[in-house]
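A structural model of the following input is requested.
(one chain, ligands or ions: 2)
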Amino acid sequence: MNEKSSQRILAVLIGIGLLFIVLLPLVVGRRGRDDDAPFPKSHPRPIRDYVPGRSHRLEKLPPELELVKAFAKPKHAPVMGEWLQAHPEQGQTLADFEQERPAGGWHEGRVLYLVAVGVLTPAQEQLVERTRALLSDWYQLEVKVLPPLSEEIVPPESRRDRQNAYGTQWQTEPILDALLMKRPDDAAGLMAITATDLYPGPEWNFVFGEARYGARVGVMSIARHGDLMTEPTLVLNRTLTTAAHELGHMMGLQHCVAYECAMNGANSQEESDQAPNEPCPSCLAKLKLRLGLNPLARAVAVERSYADAGLPLGDLPAQLDVWRDAGVVH
Ligand SMILES: [Zn+2]
Ligand SMILES: [Zn+2]
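Numbering: from 1, shown residues only. Ligands and ions are numbered 1, 2, ... in the order given. Here you go, the predicted model:
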């Protein structure tokens, strides 16, 4: 190979590399821009020979959760385009979670708050109310809806128009800043919900939701959750799962790499839809530790409310059978 042709090959390779760097952020729409969060040690933690979650699944959990581990599906190895392929996170074991407890202890707030940003239609308001009720069972906490925030909190320079079905987008940053001012002292998390599409920064296409972990605030959009008129149950399930996921981050849970789980990272709506609407036993163990919730009492409440709403029950009935057979009481 002469010098000229090797230079040309090098130029082409550099060109491809640059193109890759430029395009990569554009193809990644994230459920949460979660990897820039203040939780310190492990987010993300790229590793060699990546097999998600193998060691996590061996971790000993509280006895009632050990009983239902067998129902949880191990997290599948990531394929091209999926979250873990783009972000090979090491995840967070129960022991990691405990170790990452802030020095002063977790915040004592035990109320979750939802707040709309901008005007919602009556159907969208009803969606927020139904999500509120479901989240209350999900977390076994009181969930309140605050009076809506005006869209004026998003300044003109934080708005942009996209040539797609979702129209105007708002940048998450000013919304998260405004939430800090509005967050009640007893909030375990404050989640803003908007019907407008969101983006985290100029280099991103869009984002489903974004949370600031330690600050206990987050924002999510229902713009890409589907048509409330023709597919209300799907929209409700997506809204619940996204809200529960982001609130989980606010409580210190990182992405789950152990099992198929509501705390899995997702790069697209399709990938997000593959994840269950429920936490896996490992993430439930974290919630038990963090909130003192009783997994059996929670499962009883969630099964009832999911059934009433027509949402997928997943392994809940089987889990409850196991617990009842084993005499686990709440
Ligand atoms: Zn996330
Ligand atoms: Zn999990």
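
Show me the shaky parts of this structure.
Along the chain, segments meeting pLDDT under 70 span 1-51, 330.

can you give me the strands for it?
Assigned by DSSP state E, the strands in the chain fall at 30-32, 111-117, 142-149, 159-161, 168-171, 187-194, 197-199, 207-212, 217-221.

what's the closest of these to ligand 1?
Closest approach to ligand 1 among these is made by strand 30-32 (3.2 Å; CB to the ion). In this view, the C-beta of every residue, glycine as well, is placed from N, C-alpha and C.

And the most centrally placed residue in the chain, how far from residue 229?
Among the residues of the chain, the one closest to the centroid is residue 245, at 3.0 Å (CA atoms, centre = their mean). Residue 245 sits 25 Å away from residue 229, taking CB to CB, to the nearest Å as the criterion.

and if you look at residue 184?
Distance from residue 184 to residue 229, by CB to CB: 33 Å.

which residues does the nearest residue to residue 55 once chain neighbours are set aside contact?
In space, and not counting its chain neighbours, residue 55 is closest to residue 93: 7.7 Å by CB to CB, 6 or more residues apart in numbering. Counting by CB atoms under 8 Å, 6 or more residues apart in numbering, residue 93 makes contact with 55, 56, 59, 282.

Which among those residues count as buried?
Neighbour counting with 16 or more other CB atoms under 10 Å marks 56, 59, 282 as buried within the contacts of residue 93.

isn't the second one right next to residue 281, touching?
Yep, that's residue 59 we're talking about. No: between residue 59 and residue 281 no contact is recorded; they are 9.9 Å apart, counting by CB atoms under 8 Å.

For the residue nearest to the residue nearest to the centre of the chain when sequence neighbours are not counted, what are phi and psi?
Leaving out its chain neighbours, the residue that sits closest to residue 245 by CB to CB, 6+ apart is residue 262, at 5.6 Å. Dihedral pair for residue 262: phi -60, psi -20, per degrees, to the nearest 10.

first to last residue in stretch 190-204, what's the distance?
Using CA to CA, to the nearest Å, the end-to-end distance of stretch 190-204 comes out at 24 Å.

do you know how far residue 261 is from residue 255?
Applying CB to CB, the value for residue 261 to residue 255 is 9 Å.

Compare those two (neighbour count), which wins?
Set residue 261 next to residue 255 and count neighbours by other CB atoms under 10 Å: residue 255 wins out with 29 against 26.

Could you pull up phi and psi at the nearest residue to the more buried one once chain neighbours are set aside?
Closest residue to residue 255 apart from its sequence neighbours, by CB to CB, 6+ apart: residue 265 at 4.3 Å. Backbone torsions for residue 265, taken as degrees, to the nearest 10, come to phi -70, psi 150.
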